[in-house]
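A.B. asks: Starting from these lines, generate the structure:
(chains A and B)
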Amino acid sequence: MDAVRTHGHAHHDDHAHHPGGIMRWVMTTNHKDIGTMYLWFSFAMLLVGGTMAFVIRAELFQPGLQIVTPEFFNQMTTLHGLIMVFGAIMPAFVGFANWQIPMMIGAPDMAFPRMNNWSFWLLPPAALLLIISLFVPGGGPAAGWTMYVPLATQMGPGMDFSIFAVHLLGMSSIMGSINIITTILNLRAPGMTLMKMPMFCWTWLITAYLLIAVMPVLAGAVTMILTDRHFGTAFFNAAGGGDPVLYQHIFWFFGHPEVYIIAIPAFGVISQVIPAFSRKPLFGYTSMVYATASIAILSFIVWAHHMYTVGMPVTGQLYFMYATMLIAVPTGVKVFNWVATMWKGSLTFETPMLFAIGFLFLFTLGGFSGLVLSLAAVDVQVHDTYYVVAHFHYVMVAGALFSAFAGVYFWLPKWTGRMYDETLGKWHFWLTIIFFNVTFFVQHFLGLAGMPRRVPDYALQFTEFNVISSIGAFGFGVSQLLLPYIVIKAIRSGEKAPQRPWEGADTLEWTHLPSPPPYHSFQTPPVVK
Amino acid sequence: MRHTLLATWAGSVLLAGFSGLASAAYELNMQAPASKVAQDVYDLHVLMMWIIVVIFVGVFAVMFYSVFAHRKSKGHQAAQFHENATVELVWTIIPLIILILMAWPATKVLLSLRDTSNPDLTIKVTGYQWKWGYDYLRGEGEGIRFVSALATPRDQIQGTAPKGENYLLEVDNPVVVPVDKKIRILTTGNDVIHSWWVPALGIKQDAIPGFVRDTWFKADRLGTFRGQCTELCGKDHGFMPVVVEVVSADKYSAWVGEQKKKMAAQADDPNKTWTLEESKARGAKVYAANCVACHQANGQGVKGAFPALDGSKVMNGPKDGLINVVLNGKPGTAMAAFGKQLSDTELAAVITHARNSWGNKTGEAIQPAEVRSQRK
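C.D. replies: Residues are numbered from 1 along each chain as shown, chains lettered A, B, ... in the order given. I've put the predicted structure just below:
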């Protein structure tokens, strides 16, 4: 391979054919540059969305209205949700996909490099639209990230901004997915059969199909809101023969697979990290692939469990209850497989492994509260309360975000060629997991006792737990500033990383590529046995 | 200096924590049920929690055993097994069996929760931004209708007055129902989707504009039960509580009599001609109950969200257009159609009030007849 590189193909290598300065990033078609941009973009959005969470928790620190008006509070909860889901979590995993998939399957780059560039550069304008919406007359969208009608129809122009933002984000996701599917199906190294692929690639292959299936559905739903708002249609307006509940069906037909679009790549990262630090192959690889695919398929047929209180026929409720409970089976298989991977391993607990164990423990807890919510009769009690808020933060934060952290610490030595500070990484983990639980565990109790979500003020009996939750949230938010510090410190002055810093890591990027890897990962395909 | 500040801050947080502990209210479970369905839901939830605790402890006992015993620092060598068809089959089938066992009680409770047949009393609940309207449709008390809004004064919310015991969970007109009678609740919405929830009674039902949904409860003990709107419905979503008073059959009959008398006394003569002063005074009350949340007491509205009435062109312009807006609302905005909530007299009065308050001085009283002529 080196011989090839020093011959006439030198212009393919490192600093040869891309412009310098800012234009390098604007014009780049390189999967690593684009992956890096996705990850930094996602972190920036995590801070923006996190700031909004600060505002929310500050207002809820005490009963009464102290800091913001109720209408601004609703804008905060709405944008916090939209920005975290579409701006922070989803792009983070696309960033991982960009960096890792070509390296893991032995490809030089993604299949469609220019489209890759475009799918990233659609994100900043979308984020800007969301943020600018706060400053237009009437303020940002305030109908919740679910944008339920008719409330969404009442909003000011801020709503149109977020509808267009959703369009852009959807286009970006669809193009990214096409790219990922094509890369995985066509650019695998000889000998890398589908059932030999690293689990991370499998999870992304499945996720990409989910995205292509549901993003157009969301785009359709918000477009119907747009035409209801401005062009006299009545898709969702009962007075014109429409149905507001129809919107909820369409939204959640997107929304439930969306949950797995976020969770499945997270499963993928965890399935790489746990075997690496257990020094033992992933237990039940085949069943893991089947379990992931079953979760993806089931995710299409359970959407109305988000709508148990809309008054659908009881038979409908029963169907959605049974289908939803069924998801516990493949999810359980995954959890058991991870535990079995650790069993009789030779475990060490570097930061990526800590976050992976944190994920396993807390994501399972979120799965269990999901099981409680699947029971329609119980859900009727806790629907739209803080119980639900606690539940989805256990799966979105302790699930997806923890897994993203695990991935960043795991692959940082490969990406940058530098080791991060292990002590600081461990601090980051312990502060994060402790404050996370302080923030969100008590919210289960608030929900059970009767505190609705999306309220700027609450009755006095909810005060104590809200105080605890707010203190936790501030600690959680501040702790996250450690992450950029650790990353930048590693890039600037970290110890040089060997090709394979983790003893148990055995995928191609560790076994075949130096740290950092060359600009075009594999110019000649590796041999996979 | 910084240290003292930090210490003071930490101290006050701790103190807040401890005083919180002293004042209790660390409620860990659902509210005490006041109906059989609510009790069933409560029990189902507790049962689920125990099943979950057992599985959780089992799975993570294995994981943490591994974390402690199988570590490299203790010299543990990694085994290399990576599949076992039997084990994998077992841990697919056992969860399936547990789920089927769970589904049985869950189905039973759900079926009883949704069985709204043969009610003793039917009440229609209408969600408005941001209050509830109640119509007693069938059974004892038929014909009673009223609107129920938050009774907590604004200065308690703003923090200028101490908060009362039922802060945010008190209303001017609670729903009164008899004990041990099956009450069917029909829900609908006037503007956006709301959700009518009383935790202790175990029911929550979305109130959807253009559609009627139903649910039911049968309270098995006397008392006052409080809940809230649980579907985000705009600015004052957090400020539209539900209060249900469950009383004995006798007390209920007395309440019905009282309400009927009150309603008769309140009925305005629709043909009366009002003077400017009379109409303004009546309108001020209507304004305070229906308009201040958005347009504010000083008529300035909220910039960018809710238009000012003071000095507004529409407000000081031709009255027909204005009456139409108040009657039918303004589509695409938060301006509701008040035609269904308020009588002609009230509408005329509130328009008169707004056209003759702050800087507005049209100097004429709108008459109920003018409103009536605009109703379609």
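
A.B. asks: just the helices in the stretch 151-300 of chain B please.
C.D. replies: Along the stretch 151-300 of chain B, counting by DSSP state H, counting those that start in this stretch, helices occupy B:154-158, B:249-266, B:276-290, B:292-295.

A.B. asks: which residue sits closest to B:A289, ignoring its sequence neighbours?
C.D. replies: Nearest residue to B:A289 in three dimensions, chain neighbours excluded: B:A149, at 6.7 Å (C-beta to C-beta, 6 or more residues apart in numbering or on different chains). Bear in mind the C-beta positions are built from the backbone N, C-alpha and C, glycine included.

A.B. asks: Now for the residue in chain B that chain A sits nearest to, how many residues are close by?
C.D. replies: Residue nearest to chain A within chain B: B:G210 (2.0 Å; C-beta to the nearest C-beta). Around B:G210 there are 18 other residues, counting by other C-beta atoms under 10 Å in any protein chain shown.

A.B. asks: The spatially most central residue of chain A: what's it in contact with?
C.D. replies: In chain A, the centroid-proximal residue (C-alpha atoms, centre = their mean) is A:I89; its distance is 3.0 Å. By C-beta atoms under 8 Å, 6 or more residues apart in numbering or on different chains, A:I89 lies in contact with A:S42, A:I262, A:M396, A:A400, A:L401, A:A404.

A.B. asks: who wins for proximity to B:L186 among the helices of the stretch 151-300 of chain B?
C.D. replies: helix B:249-266 (19.0 Å; C-beta to C-beta).

A.B. asks: Return the residues of the stretch 251-376 of chain B in contact with chain A.
C.D. replies: Contacts of the stretch 251-376 of chain B with chain A, taken as C-beta under 8 Å from any C-beta of the partner chain, map to B:V302, B:G304, B:A305, B:G332, B:T333, B:A334.

A.B. asks: Report the two of these separated the most.
C.D. replies: Using C-beta to C-beta, the two most remote members of these are B:V302 and B:G332, lying 17.4 Å apart.

A.B. asks: Just want to know which of these two has more residues nearby.
C.D. replies: B:V302 (17 against 14).

A.B. asks: Residue 204: neighbouring residues, count only.
C.D. replies: I'll assume chain A. The number of residues near A:W204, taken as other C-beta under 10 Å, comes to 29.

A.B. asks: Not quite, go with chain B.
C.D. replies: 25.

A.B. asks: I'd assumed B:A349 was in contact with B:S279.
C.D. replies: Yes - counting by C-beta atoms under 8 Å, B:A349 is a contact partner of B:S279 at 4.9 Å.

A.B. asks: Give the closest residue to A:P498 in space, chain neighbours not counted.
C.D. replies: That would be A:S515: by C-beta to C-beta, 6+ apart, it lies 6.7 Å from A:P498.

A.B. asks: how many neighbours does the one you found have?
C.D. replies: Neighbours of A:S515 using other C-beta under 10 Å come to 21.

A.B. asks: Which parts of the stretch 301-450 of chain A are helices?
C.D. replies: A:314-326, A:328-342, A:351-374, A:376-382, A:386-395, A:402-416, A:422-449.

A.B. asks: now the stretch 1-150 of chain A
C.D. replies: Under DSSP H, counting those that start in this stretch, the stretch 1-150 of chain A gives helices at A:2-6, A:21-27, A:31-59, A:70-82, A:90-105, A:113-121, A:123-132.

A.B. asks: returning to what we had before: present the helices of the stretch 151-300 of chain B as JSON lines; the columns should include mean neighbour count, distance to A:Q75 and mean pLDDT.
C.D. replies: Formatted as JSON lines, the helices of the stretch 151-300 of chain B follow (neighbours: other C-beta atoms under 10 Å in any protein chain shown; distance: least, C-beta to C-beta, whole Å; pLDDT from 0 to 100):
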{"stretch": "helix B:154-158", "mean neighbour count": "14", "distance to A:Q75": "19", "mean pLDDT": "92"}
{"stretch": "helix B:249-266", "mean neighbour count": "13", "distance to A:Q75": "39", "mean pLDDT": "90"}
{"stretch": "helix B:276-290", "mean neighbour count": "18", "distance to A:Q75": "24", "mean pLDDT": "85"}
{"stretch": "helix B:292-295", "mean neighbour count": "20", "distance to A:Q75": "16", "mean pLDDT": "84"}
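
A.B. asks: now stretch A:288-295, how far from the chain's geometric center?
C.D. replies: Offset of stretch A:288-295 from its chain centre (C-alpha atoms, centre = their mean, to the nearest Å): 18 Å.

A.B. asks: Same question for stretch A:291-298.
C.D. replies: Using C-alpha atoms, centre = their mean, the offset of stretch A:291-298 from its chain centre is 17 Å.

A.B. asks: before we move on, what about stretch A:374-393?
C.D. replies: Distance, centroid of stretch A:374-393 to centroid of chain: 21 Å (C-alpha atoms, centre = their mean).

A.B. asks: again, but for stretch B:244-256
C.D. replies: 22 Å.

A.B. asks: The spatially closest residue to A:Y38 that is not a sequence neighbour - how many residues pack around it?
C.D. replies: Using C-beta to C-beta, 6+ apart and skipping residues adjacent in sequence, the residue nearest A:Y38 is A:G95, 3.2 Å away. A:G95 has 24 neighbours, counted by other C-beta under 10 Å.

A.B. asks: Low-confidence stretches in the stretch 401-529 of chain A?
C.D. replies: Counting by pLDDT under 70, the stretch 401-529 of chain A contains no low-confidence range.

A.B. asks: Can you lay out the residues of the stretch 251-376 of chain B next to chain A as a markdown table showing secondary structure and pLDDT?
C.D. replies: Below are these laid out as a markdown table (DSSP: H, G, I helix; E, B strand; the rest coil; pLDDT from 0 to 100):
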| residue | secondary structure | pLDDT |
| --- | --- | --- |
| B:V302 | strand | 81 |
| B:G304 | coil | 74 |
| B:A305 | coil | 77 |
| B:G332 | coil | 71 |
| B:T333 | coil | 77 |
| B:A334 | coil | 78 |
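
A.B. asks: I'd like to know which of those residues is nearest to A:P244.
C.D. replies: Among these, and counting by C-beta to C-beta, the member closest to A:P244 is B:G332, at 14.7 Å.

A.B. asks: Hmm, the closest one is touching A:T153, no?
C.D. replies: Yes - taking contacts as C-beta under 8 Å, B:G332 lies within contact range of A:T153: 6.3 Å.

A.B. asks: Cool, thanks, signing off.
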